[in-house]
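Chemist: Just the structure for this:
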Amino acid sequence: MDFISDWRDKGLLRPEQAKVLLEIENDRIFSISAELRALLYLGALLIVAGVGGTVKRYVLELGPVAISGGLSFAVLAGLYYCFSRGAPYSSQKVESPTPAFDYVLYMSCAFWGILFGYLETHYHLLAEHWDYYLLLSSGLFFWLAYRFDNRLVLAMALTTLGSWFGLRFSHLDLPFFDLRTRGLGFGTTVVLAGWWLENRARIKDHFADTYYNVGLHVLFWTLLWGLFDKKIMSAYTPALAMLTTAVITYGLRRRSFQYFLYGTVYGYIGLSYIIVTEFFDKMWSSIGGLSFYFLASSVSMLAVIFYFRRRLEQDA
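Modeler: Below is the predicted model of the structure:
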């Protein structure tokens, strides 16, 4: 751009600096950090899946000593790596010291889960109270997530806590506190916790999106499940409509395409279910009509999504 050339001519930028800036501006240099992070995450998932599959398939051949010892070594080695290289704790955002740091911590936590799953399956240490493994693991994951500023581990902590929450109260014969009610309660609590940490406590406020993501997915899936089960004439229909409107509005105000996408996609699923199940026989009398609806509605939804994505990226 002109101002880059002007700054170079005035001596405010060295020639090599101006060259790099011009190449970035002309898209000849671009960042692939997101792609690298995705590959690292995929690699970590494949390693964890491979270890879990190996334990399941060769449990008798390897024996308890080899399995528990190998998993324990993997957990301790990963944690040693993180504690020896990690920066001191801060309530603000802390950058990872190496590109692989976050994924080593994530794999250590995953191996911890495999280890405790194996120990309980093999030795039945807690018997009917085995779900407390989930609570213990969730507490550990929360501590590690905040200690090392790791949102992957935070998401693991939240989902593990949600699993414990769903299992723990399933033992109680409370008809008013069924699985859907527990899902709504957990999702709402997680979203409110993210809001409080971001706006009141000011502790790792960049973690708020992780809380919102986990909580909103739980809420949306729970409301859709209720709509599918109880049909249109239930409280789940207006609740889904209000949540969809709130999330889309939040995404537009914050200029966040991610939240706009959540509200649009989940709202489309709910609206399509209502139209197909409640009005299809009245509106169309053939499979062609159903095909036309999904073709027209999906194309329209994609057009809206791409339009707002460009708008939000331009306004960001």
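
Chemist: Restricting to C-alpha, output the helix or strand where Thr159 lies in PDB.
Modeler: If you go by DSSP states H and E, Thr159 is part of helix 151-168. Extracted in PDB, the C-alpha atoms of helix 151-168 (Å, rounded to 0.1, in the frame of the first residue of the first chain):
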ATOM      1  CA  ARG A 151      -8.900 -24.500  26.500                       C
ATOM      2  CA  LEU A 152      -8.800 -28.000  25.100                       C
ATOM      3  CA  VAL A 153      -8.400 -29.400  28.600                       C
ATOM      4  CA  LEU A 154     -11.100 -27.000  29.900                       C
ATOM      5  CA  ALA A 155     -13.500 -28.400  27.400                       C
ATOM      6  CA  MET A 156     -12.600 -31.900  28.500                       C
ATOM      7  CA  ALA A 157     -13.200 -30.900  32.200                       C
ATOM      8  CA  LEU A 158     -16.600 -29.500  31.400                       C
ATOM      9  CA  THR A 159     -17.800 -32.500  29.400                       C
ATOM     10  CA  THR A 160     -16.400 -34.900  32.000                       C
ATOM     11  CA  LEU A 161     -18.300 -32.900  34.700                       C
ATOM     12  CA  GLY A 162     -21.400 -33.000  32.600                       C
ATOM     13  CA  SER A 163     -21.100 -36.800  32.300                       C
ATOM     14  CA  TRP A 164     -20.800 -37.200  36.100                       C
ATOM     15  CA  PHE A 165     -23.700 -34.800  36.600                       C
ATOM     16  CA  GLY A 166     -25.900 -36.900  34.400                       C
ATOM     17  CA  LEU A 167     -24.900 -40.200  35.900                       C
ATOM     18  CA  ARG A 168     -24.900 -39.200  39.500                       C
END
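
Chemist: Which elements pack onto it?
Modeler: helix 101-123, helix 132-148, helix 179-196, helix 208-230 (3 or more CB pairs under 8 Å, 6 or more residues apart in numbering; DSSP states H and E). The C-beta positions use only the backbone N, C-alpha and C, and glycine is treated the same way.

Chemist: a markdown table for those helices, including distance to Ser300?
Modeler: Conversion of these to a markdown table gives the following (distance: least, CB to CB, whole Å):
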| stretch | distance to Ser300 |
| --- | --- |
| helix 101-123 | 38 |
| helix 132-148 | 40 |
| helix 179-196 | 29 |
| helix 208-230 | 20 |
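
Chemist: Between the ones you listed, which has the poorest mean confidence score?
Modeler: Mean pLDDT values for the helices and strands packed on helix 151-168 show the minimum at helix 101-123, a mean of 87.

Chemist: And it, what's buried?
Modeler: Of all the residues in helix 101-123, those buried under the rule 16 or more other CB atoms under 10 Å are 101-120.
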